[in-house]
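[1] based on what follows, work out the 3D shape:
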Amino acid sequence: MKLRNLVKPTVAAVIAASLYFGGASALGISQASAATPESLQLVSLGKEFIGTPYKFGAASGLTSAFDCSSFVQYIFGKGGTALPRTAAAMASKGTKVAKSSLSVGDLVFFSSSSNFIGHVAIYAGSGNILHASTSKGVTVSSMNSSYWKTRYVTAKRVL
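    Residues are numbered from 1 along each chain as shown. Down below sits the predicted model:
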């Protein structure tokens, strides 16, 4: 009887450990990873553009104005990572990352009023995103604001 009482907690612990250590990767979701020098450098470069105005449909490579995807494409391109031009196309790249496992440099995707994925940003750490905002241009915003929190769709790791 005592042995049977030990088996249940042991099996539960083994299952919990398996899910914790291997479950996310088994589901195709990356676990958190530490910020790399490369990802920190990308965010640092991106912050140099804070205040740059927003322009819908801004041309790739243009640095006098950005839309969300041209900004992300430009910053990652400078780091040697080629990305498609639109937020929706970018969302098809990389490895899915759980919101709770975001790491600096991950791409974060949000819905807009007209698109399921209509906005892309770079995760800057501590719950913040670096992105080109229609109202502020390139800026840092909290993902936990009422606006972004309700529009979160997914995140991808491309580095």
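[2] okay, CA-based contacts and neighbour counts for the rest of this
    Will do.
[3] pLDDT at residue 22, what is it?
    For residue 22, the pLDDT comes out at 41.
[4] no, scratch that, I was asking about residue 112
    Value for residue 112, per-residue pLDDT: 84.
[5] check contacts around the nearest residue to residue 71 once chain neighbours are set aside.
    Among residues not flanking residue 71 along the chain, residue 132 sits closest, at 6.6 Å (CA to CA, 6 or more residues apart in numbering). Residue 132 sits next to 53, 54, 66, 67, 68, 71, 121, 138, 139 when contact means CA atoms under 8 Å, 6 or more residues apart in numbering.
[6] in three-state terms, label residue 132 for me.
    Counting by DSSP: H, G, I helix; E, B strand; the rest coil, the backbone at residue 132 sits in strand.
[7] quick check: it vs residue 48, distance?
    Per CA to CA, to the nearest Å, residue 132 is found 12 Å from residue 48.
[8] give the contact list for residue 42.
    75, 76, 79, 105.
[9] how about a cut-off of 7 Å?
    Going by CA atoms under 7 Å, 6 or more residues apart in numbering, residue 42 touches 75, 76, 79.
[10] same question, residue 111
    So residue 111 contacts 117, 118, 119, 151, 152, 153 (CA under 7 Å, 6+ apart).
[11] shouldn't the last one be within a strand?
    So the one you mean is residue 153. Yes. Assigned with three-state DSSP, residue 153 falls within a strand.
[12] run a quick neighbour tally on it.
    Residue 153 sits with 17 neighbouring residues when counted by other CA atoms under 10 Å.
[13] could I get the full set of strands for the chain?
    For the chain, the strands defined by DSSP state E cover 29-30, 95-97, 107-110, 119-125, 128-133, 137-142, 152-157.
[14] what count of nearby residues applies to residue 116?
    With other CA under 10 Å as criterion, residue 116 counts 14.
[15] show me what contacts residue 137?
    51, 52, 53, 54.
[16] roughly how far does the first one sit from residue 155?
    It stands for residue 51. 24 Å.
[17] neighbour count for those two, which is higher?
    residue 155 (25 against 15).
[18] does the more buried one touch residue 109 like I think?
    Yes. Judged on CA atoms under 7 Å, residue 155 makes contact with residue 109 at a distance of 5.8 Å.
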